[in-house]
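1. can't give you the sequence, but here's the structure:
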């Protein structure tokens, strides 16, 4: 059995959000990310990103509970073209965690010898760093020993030019006070894909499949051939089926 798929999958908790992705592409938002080293010291900031995973559908039942029962899978060829990369999971007690934190501290130091390009590169590395395990509080889940490593996350982290020159890193305390303000600045940014890039379209309930077929039929009628559209219909499945059959 494969331990990863040939696709990356983005999960969401709403049919409406999935419909918007299919019609308009991926919207990007800031996400608060915490990187902690032994002793509790660390860095918490919000960065613009879109998250995916490459967990096989047969092993995705835990992911459904955390991130939603709707999803869309895109080919890894599309991921490579978009510069999407797996997250770098770091154990907080490790030497590499301490080393990376020292880079982050040096980047913030006004007296540092680092130039602007080096500081920018350190920040970009930070956007792909996640603790191996830690505290997850999301929806009804509050787990202080959650293993993030099991999520097999991939991230699309844009260039600053892709987000209209808006801030690439926002202090978490500022972001938490007004998430809507910061995300509204990115509201017109979209990352798009073609029908041929789609590997899966996942709805929650099987009875929602005809509704999704109608959406694809209307929105993609002029974007692909009738045969390509039929193939796209065959890629629709439901979380209900996955939980029952895999």
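-> Received, thanks. Computed from a prediction, not measured in an experiment: that's the story for all the values here.

2. tell me the SS of the residue most central in space within the chain?
-> Geometric centre of the chain, nearest residue: residue 51, 0.4 Å, by CA atoms, centre = their mean. Secondary structure, DSSP: H, G, I helix; E, B strand; the rest coil: residue 51 is strand.

3. correct me, but it touches residue 8?
-> No - in this structure, residue 51 is not within contact of residue 8 by CB atoms under 8 Å, at 9.4 Å. For every residue, glycine as well, the C-beta is placed using N, CA and C.

4. tell me, what's touching these two both at once?
-> residue 154 (CB atoms under 8 Å, 6 or more residues apart in numbering).

5. follow-up on the earlier one: state the distance from the residue nearest to the centre of the chain to residue 89.
-> 14 Å (CB to CB, to the nearest Å).

6. for the chain, what's the longest helix?
-> Counting by DSSP state H, the longest helix found in the chain is helix 95-108.

7. how about low-confidence regions in this protein?
-> Within the chain, the ranges that satisfy pLDDT under 70 run 1-2, 246.

8. for stretch 132-140, buried residues please.
-> Neighbour counts over stretch 132-140 (16 or more other CB atoms under 10 Å) mark 133-134, 136 as buried.

9. for stretch 149-158, same thing?
-> Buried residues in stretch 149-158 (16+ other CB under 10 Å): 151-158.

10. could you do stretch 26-46 as well?
-> Applying 16+ other CB under 10 Å to stretch 26-46 flags 26-31, 33, 35-37, 42-43, 45-46 as buried.

11. if we can go back for a sec, could you identify the helix or strand that succeeds the longest helix of the chain?
-> Tracing the chain past helix 95-108, the next element assigned as helix or strand by DSSP states H and E is helix 116-126.

12. which strands and helices lie in contact with that next one?
-> Using 3 or more CB pairs under 8 Å, 6 or more residues apart in numbering; DSSP states H and E, the elements in contact with helix 116-126 are strand 42-53, helix 95-108.
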